[in-house]
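Trainee: sharing a sequence plus its predicted fold:
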Amino acid sequence: MRNLIALFACSFVMLSANASEPPAAKAASDAKKTAEAAAKLAAELSKPAKAIEKPAADKADKAEKAEKGAAAHAPLIEKPSIDKSLAEKPPKAVPSAATADRVAAAVSASEDEAQVDLSVKIAERLAEMRAKQAARAAAAAKARKAAEARRKKEAAIAAAPKISNHWDYDGEFGPDNWGKINPAWAQCGSGKRQSPIDIRDGMKVNLDEIDFDYRPASFSEIDNGHTVQVNVGAGNVMHVGGERYELQQFHFHRPSEEKVNGKGTEMVIHLVHRGPRGKLAVVAVLLERGKANEAIQLVWNNIPLEKGQLGTPDADLDPLELLPNRREYYTYMGSLTEPPCTENVLWIVLKQPMTASPAQMALFSRLYPLNARPLQDSGGRMVKESN
């Protein structure tokens, strides 16, 4: 660029010199001026050229730097490789319309088959879920039914009277509830031939005399929580009505359970016998205040210190000492007067009372002030009285 400007300046000087032929002096002056003007012009023209040249040089430098930078980073950029075998393969042929239709039909059939398979699987899954749901519902219903059955059973057990072997003569376990305490004692509440009864209007007939074949025998006794009971040794029997009954035990009640024409006594002795086929016969001996009874005193002397404790005295007891001299009696069919209140018991109530001293009466009353069952409905039962 600088050479071009210089050439232009020289050409301008030569053109100016050739334009006219001044006189020598003037020519020299003009030549000098022309040379100065040319130099000035060249100087002026060279300024913009340098200004232009500098940006161009800067651009060249930047381009050179960029090129060097690209060369430096060239290893980081990999050119994609072209598989020549693919490039050399000829283009695939375009399928015909029929082929396209067959392909479309095959695709459609495959899709339909897949749709059918999916529908079948969904149906099977739904059936499986319904079966499981039905099984759960059945199990829940069974559990509810079992729970309801348990609830009803528990309610029935709670409502049912508690089975017990305990009974008493008053309160919750008294005579009015004996039949409810234990199912085995149902006759205590529902029996039709229960004892004791008020003996009235007995039919006087010729009854067989009672033959008491009693003799002294060993004995044991126990305070069983309801009375003082004396168990008598074997060999003491009674004959009545053509039957033989053996004495098992005797015990005491206060006041007397039996009444004759509405009248009772302070105490009574019950002598319990067992006959053929297990039939029971009970002889009732009424006790009034009076002379002391030796057999009763022997029993009192040997009462065990603890309830439920069985005492076995080293002595013999004669049951005949418990009987009056006269043996007239009343008789009827009744029951035991304590649980289980077994019926079909032959009752013999001797008309003549025996006596016991006030002290003997008082001793028993300290143990059992009241151990008598209330009177039961006779229900029109026949009562016979010996002449």
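Mentor: Structure's in. What do you need? Numbering: from 1, shown residues only.

Trainee: so residue 371 sits right up against residue 170, yeah?
Mentor: No. Judged on Cβ atoms under 8 Å, residue 371 makes no contact with residue 170 at a distance of 9.8 Å. Bear in mind the C-beta positions are built from the backbone N, C-alpha and C, glycine included.

Trainee: more crowded one of the two?
Mentor: For residue 371 and residue 170, the more surrounded residue by other Cβ atoms under 10 Å is residue 371, and the numbers stand at 21 against 10.

Trainee: can you pull the contacts of that one?
Mentor: By Cβ atoms under 8 Å, 6 or more residues apart in numbering, residue 371 lies in contact with 169, 226-227, 253-254.

Trainee: let's see if you can find the most crowded of those residues.
Mentor: Going by other Cβ under 10 Å, residue 253 tops these with 25 neighbours.

Trainee: where in the stretch 51-200 of the chain is pLDDT low?
Mentor: In the predicted model, the stretch 51-200 of the chain carries pLDDT under 70 at residues 51-95, 157-162.

Trainee: the strands in it, which residues?
Mentor: 198-199 (DSSP state E, counting those that start in this stretch).

Trainee: thinking residue 365 is in contact with residue 252, fair?
Mentor: No. Taking Cβ under 8 Å as the definition, residue 365 is not a contact partner of residue 252, at 10.4 Å.

Trainee: of these two, which one has the most company?
Mentor: residue 252 (21 against 14).

Trainee: tell me the two of the contacts of residue 371 that are most distant?
Mentor: 226 and 254 (11.6 Å; Cβ to Cβ).

Trainee: quick check: neighbours shared by these two?
Mentor: With Cβ under 8 Å, 6+ apart, residue 226 and residue 254 have common neighbours 368, 371.

Trainee: run through the stretch 201-350 of the chain and note the low-pLDDT ranges.
Mentor: For the stretch 201-350 of the chain, counting by pLDDT under 70, not a single residue falls below.

Trainee: end to end, how far does stretch 250-268 reach?
Mentor: For stretch 250-268, the separation between the terminal residues is 10 Å (Cα to Cα, to the nearest Å).

Trainee: distance from the chain centre to that stretch, please.
Mentor: 54 Å (Cα atoms, centre = their mean, to the nearest Å).

Trainee: show me the contact partners of that stretch.
Mentor: 195-200, 227-230, 232, 269-272, 284-289, 319, 322, 330, 337, 349, 351, 353, 356, 361, 364-365, 368-373, 375.

Trainee: inside strands: which ones of the residues you listed?
Mentor: 198-199, 228-230, 232, 269-272, 284-289, 330, 349, 356 (DSSP state E).

Trainee: list buried residues within the residues you listed.
Mentor: Among these, those buried by neighbour count (16 or more other Cβ atoms under 10 Å) are 198-199, 228-230, 232, 269-272, 284-287, 330, 349, 356.

Trainee: surely residue 376 touches residue 197?
Mentor: Yes. The pair residue 376 and residue 197 qualifies as a contact (Cβ under 8 Å) at a distance of 5.8 Å.

Trainee: where do the contact lists of these two overlap?
Mentor: residue 334.

Trainee: you'd agree residue 166 is up against residue 182?
Mentor: No. Applying Cβ under 8 Å as the test, residue 166 and residue 182 come out as separate, 9.1 Å apart.

Trainee: between these two, which is the more surrounded one?
Mentor: More neighbours surround residue 182 than the other of residue 166 and residue 182, with 18 against 11 (other Cβ under 10 Å).

Trainee: let me see the contact set for the more buried one.
Mentor: 163-165, 339-340.

Trainee: again, only using 10 Å
Mentor: 161-167, 188, 339-340 (Cβ atoms under 10 Å, 6 or more residues apart in numbering).

Trainee: from those, which two are the most distant?
Mentor: 162 and 340 (16.9 Å).

Trainee: these two: which is more packed in?
Mentor: The neighbour comparison of residue 162 against residue 340 (other Cβ under 10 Å) goes to residue 340, with 18 against 10.
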